[in-house]
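Trainee: Based on what follows, work out the 3D shape:
(chains A, B, C and D)
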There are 2 protein chains.
Amino acid sequence: MHISQKCSVALHCLIFINEYSGSTNVTSSLLAMSTGCNPVIIRNILGGLKNAGIISTQSGVGNTKLARPPEDITLYDVCNALEPDGLKKLFGIHPFPAALCPVGRSIHTVLEMPYGVVQRDLAESLKSVRLDSIIEQFRGVSAQAPPAG
Amino acid sequence: MHISQKCSVALHCLIFINEYSGSTNVTSSLLAMSTGCNPVIIRNILGGLKNAGIISTQSGVGNTKLARPPEDITLYDVCNALEPDGLKKLFGIHPFPAALCPVGRSIHTVLEMPYGVVQRDLAESLKSVRLDSIIEQFRGVSAQAPPAG
DNA sequence: GGTACCTGTCATATTAAATATTACAGGAGG
DNA sequence: CCTCCTGTAATATTTAATATGACAGGTACC
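Mentor: Okay, here's the model as predicted:
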């Protein structure tokens, strides 16, 4: 039971961009260092966020910024930017049930109902978490552990 | 974004057990054929369900049965039986953020809040789906596509 | 015009996780 | 004592996630 860590990296980047894009040229290699991920991974993630209208980047320059205020960015937006229709692929289903068995023949259809319920609930939950609250959280945690240690 | 297909296989098995344990000796190889999975995988899944008190099996015999009525078995119970604390590992987090960066230093702590919210909501959603409704669904689908069809 | 640094996107490792397979000890029952 | 079953371990194999190296093209600065 595991969702790729891209979502966490994306949130890390968004916090970083929000906090520092005013004072620094935020580039993919800077974010790569901060997250400990490969720059190519970062560029892919930023590409997804850019296509979704969450951030803006300037080709050849960097200058990455949020394209809209943090209160208009939800966890759902981020997940969807990284993997469109990702929720639909949430539950894996065994691909070769026996067609001769009544259960095997219908299992894929039967599971649409329960899994649909969970997918819709999960989407709602993701939509309820906004970036501004995560940033608030970050500032709170930062204040408790100041740079000078 | 993907959760292992064990959950789907487990539901398949539970439906099968509920429908046929009265008239047949339900064994792991029978379930393996029906699901198209390996018997060992089935035995592992059944083992988890048994430990969780969802089904009972008789060592050396088979005779697999539901240990409690379908309305007392939720999707949450099943997921938890297969992978205890699985929800806590739902979101992957990049393991090596830079300790020198304010964001990198605190990201793991910061993410506890948003991910906690989603984990709790997801748990509630999983608890809201009960096996009896899935069985009802199965019977409905089966009726539409009869064995002879 | 050249240099430096950036983005965006290939193609291709490498790593880690899920699933499958083989094997075998031990229970149950005819 | 033979057969079929469970439970579990050790080990492939497959598939997905992540990392890496490479390069074309944009921008800015000198």
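
Trainee: which SS class is the residue of chain A positioned farthest from its centre?
Mentor: Distance from the C-alpha centroid of chain A peaks at A:Leu100, with 40.8 Å (CA atoms, centre = their mean). At A:Leu100 the chain is in coil, as set by DSSP: H, G, I helix; E, B strand; the rest coil.

Trainee: how near is it to B:Ile45?
Mentor: 21 Å (CB to CB, to the nearest Å). Quick note: C-beta positions are derived from backbone N, CA and C, even for glycine.

Trainee: Show the pLDDT at the residue farthest from the centre of chain A.
Mentor: Confidence at A:Leu100, expressed as pLDDT, is 95.

Trainee: Likewise for A:Met1?
Mentor: Reported pLDDT at A:Met1 in the predicted model: 76.

Trainee: I'd guessed it sits against B:Leu90; true?
Mentor: Yes. Counting by CB atoms under 8 Å, B:Leu90 is a contact partner of A:Met1 at 6.0 Å.

Trainee: after the helix or strand encompassing A:Ser125 comes which helix or strand?
Mentor: Using DSSP states H and E, A:Ser125 falls within helix A:102-128. The helix or strand immediately downstream of helix A:102-128 is helix A:131-144, counting by DSSP H and E.

Trainee: Please point out which parts of that next one sit buried.
Mentor: Within helix A:131-144, the residues that count as buried by 16 or more other CB atoms under 10 Å in any protein chain shown are A:131, A:133-135, A:137-138, A:141-142.

Trainee: What of stretch A:88-108?
Mentor: Buried, per 16+ other CB under 10 Å, within stretch A:88-108: A:91, A:93-94, A:97, A:101-107.

Trainee: Let me have these in TSV, adding distance to B:Ser21 as columns.
Mentor: Formatted as TSV, those follow (distance: CB to CB, whole Å):
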residue	distance to B:Ser21
A:Phe91	25
A:Ile93	23
A:His94	20
A:Pro97	18
A:Cys101	15
A:Pro102	14
A:Val103	12
A:Gly104	17
A:Arg105	19
A:Ser106	18
A:Ile107	17
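
Trainee: Figure out the helix or strand that the nearest residue to A:Leu126 once chain neighbours are set aside lives in.
Mentor: Of all residues not flanking A:Leu126 in the chain, A:Tyr76 sits nearest, at 3.7 Å (CB to CB, 6 or more residues apart in numbering or on different chains). Following DSSP H and E, one finds A:Tyr76 within helix A:75-82.

Trainee: And for that helix, what's in contact with it?
Mentor: For helix A:75-82, the surrounding residues in contact (CB atoms under 8 Å, 6 or more residues apart in numbering or on different chains) are A:6-7, A:10-11, A:14, A:45, A:48-49, A:51-52, A:54, A:86-87, A:123, A:126-127, A:129-131, B:1, B:114, B:118.

Trainee: try 6 Å
Mentor: Helix A:75-82 is contacted by residues A:6-7, A:10, A:48-49, A:52, A:54, A:86, A:126-127, A:129 when judged by CB atoms under 6 Å, 6 or more residues apart in numbering or on different chains.

Trainee: can that helix be found next to DNA strand C?
Mentor: No. Helix A:75-82 is not in contact with DNA strand C by CB under 7 Å from any atom of the strand; minimum separation 12.9 Å.

Trainee: and the angle for that helix with helix B:102-128?
Mentor: Here helix A:75-82 runs at an angle of 100 degrees relative to helix B:102-128 (axes from the mean of the first three to the mean of the last three CA atoms, to 10 degrees).

Trainee: Mind checking if helix A:75-82 is in reach of DNA strand D?
Mentor: No. On the criterion CB under 7 Å from any atom of the strand, helix A:75-82 is out of touch with DNA strand D, staying 9.0 Å away.

Trainee: Averaged pLDDT, that helix. What do you get?
Mentor: In this model, helix A:75-82 carries a mean pLDDT of 97.

Trainee: then that helix to CSV, C-alphas only?
Mentor: Extracted C-alpha coordinates of helix A:75-82, given in CSV (Å, rounded to 0.1, in the frame of the first residue of the first chain):
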residue,chain,number,x,y,z
LEU,A,75,-3.7,18.4,-2.4
TYR,A,76,-6.1,17.1,-5.0
ASP,A,77,-4.8,19.6,-7.6
VAL,A,78,-1.2,18.5,-6.9
CYS,A,79,-1.9,14.8,-7.1
ASN,A,80,-3.9,15.3,-10.3
ALA,A,81,-1.2,17.4,-11.8
LEU,A,82,1.4,14.7,-11.2
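
Trainee: Contact residues of chain A facing DNA strand C?
Mentor: Selection of chain A residues close to DNA strand C by CB under 7 Å from any atom of the strand yields A:1-2, A:25, A:27-29, A:39-40, A:43-44, A:46-47, A:50, A:57-62, A:64, A:92, A:94.
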